[in-house]
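Student: Predicted model and sequence below, questions to follow.
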Amino acid sequence: MRAVALLVFCCAAIAAAQPEEGPPPMPPPHVPREATKSAPQAAAARSAGRGAFGIGAGFGAASVVYGGGAGLGTLSGLGVLSSPAAAIGISVFTGQHVKLLVDAQLTALGLNNRPLVFSGGARFGIDFVLRSQSAALRPLVHVGAGLQFLSSSLSTPAVTSTLALQGGFGAEYFFAPEFAVNVRLLAVIPIGLVADNIGIGLSLVPTFNATWYL
């Protein structure tokens, strides 16, 4: 009997030591996760931007004021002569929308069947470039000024150096951020002093340039 009582006591002690099993725990309420918002990515640059340095070459036109005199035969009074000109130059983007330009150009002018008058000059300008670097085609507005200097085999040429103010519009197309071509249509106002007379003219000049950017 004692053995049976001891066995019953041990079983009761073991049962009391076991934790009561309650209902299974409920899963936590489902909270939908907010969709992860990715930061907007900047569009890839398709054109040159701030700090880009360019080396360019192209064609335009040079305008000079001339006057009559012994060196030019029968020319009399004042006039303005324009001729195609080759140009090379440099440019730099000082900001995303502002580009500074310096060009040197050379042309040959034919005056009244006389030997050619060679004309060299320098142009300084600013392009205000529209649209952002993500655009390959960027319209532009141009303002600038140029100095045109003349030399000749004539002993007494009555031709003067000319200051030319210019302004106009155009566009630049970037085949890659490192290479672009541009065209401009410029209104050029050449101003020259011949003897005691001042000559002023107006001409429309198309220009074309190709530029490699570093």
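Tutor: Right, received. Where do you want to start?
Student: Measure how buried residue 43 is and give me the count.
Tutor: By other C-beta atoms under 10 Å, 10 other residues sit near residue 43. Every residue, glycine included, has its C-beta placed from N, CA and C.
Student: Which of the three states applies to it?
Tutor: Following DSSP: H, G, I helix; E, B strand; the rest coil, residue 43 is assigned to coil.
Student: Please tell me how far it sits from residue 96.
Tutor: The span separating residue 43 from residue 96 equals 13 Å under the rule C-beta to C-beta, to the nearest Å.
Student: Give me the common contacts of these two.
Tutor: Counting by C-beta atoms under 8 Å, 6 or more residues apart in numbering, the common neighbours of residue 43 and residue 96 are residue 132.
Student: show me where pLDDT drops low in the chain?
Tutor: 1-42, 66-79, 110-116, 151-160, 194-196 (pLDDT under 70).
Student: quick one, helices of it?
Tutor: Taking DSSP state H, the helices of the chain run over residues 2-17.
Student: what sits opposite the residue nearest to residue 201 when sequence neighbours are not counted in the beta ladder?
Tutor: Spatially, and ignoring its direct neighbours in sequence, residue 201 is nearest to residue 80 (3.1 Å; C-beta to C-beta, 6 or more residues apart in numbering). Beta-bridge partners recorded for residue 80 (DSSP bridges): residue 65.
Student: Residue 80 - how many residues pack around it?
Tutor: By other C-beta under 10 Å, 20 other residues sit near residue 80.
Student: who touches it in this structure?
Tutor: Going by C-beta under 8 Å, 6+ apart, residue 80 touches 63-66, 190, 199, 201, 203.
Student: let's see 7 Å
Tutor: 63, 65, 190, 199, 201, 203 (C-beta atoms under 7 Å, 6 or more residues apart in numbering).
Student: I'd like these laid out as CSV, including distance to residue 106.
Tutor: Formatted as CSV, these follow (distance: C-beta to C-beta, whole Å):
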residue, distance to residue 106
63, 14
65, 18
190, 17
199, 22
201, 20
203, 18
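Student: Can you redo the residues you listed as JSON lines, where the extra columns are neighbour count and distance to residue 47?
Tutor: Output for these, formatted as JSON lines (neighbours: other C-beta atoms under 10 Å; distance: C-beta to C-beta, whole Å):
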{"residue": "63", "neighbour count": "27", "distance to residue 47": "31"}
{"residue": "65", "neighbour count": "26", "distance to residue 47": "38"}
{"residue": "190", "neighbour count": "23", "distance to residue 47": "32"}
{"residue": "199", "neighbour count": "19", "distance to residue 47": "40"}
{"residue": "201", "neighbour count": "19", "distance to residue 47": "35"}
{"residue": "203", "neighbour count": "16", "distance to residue 47": "30"}
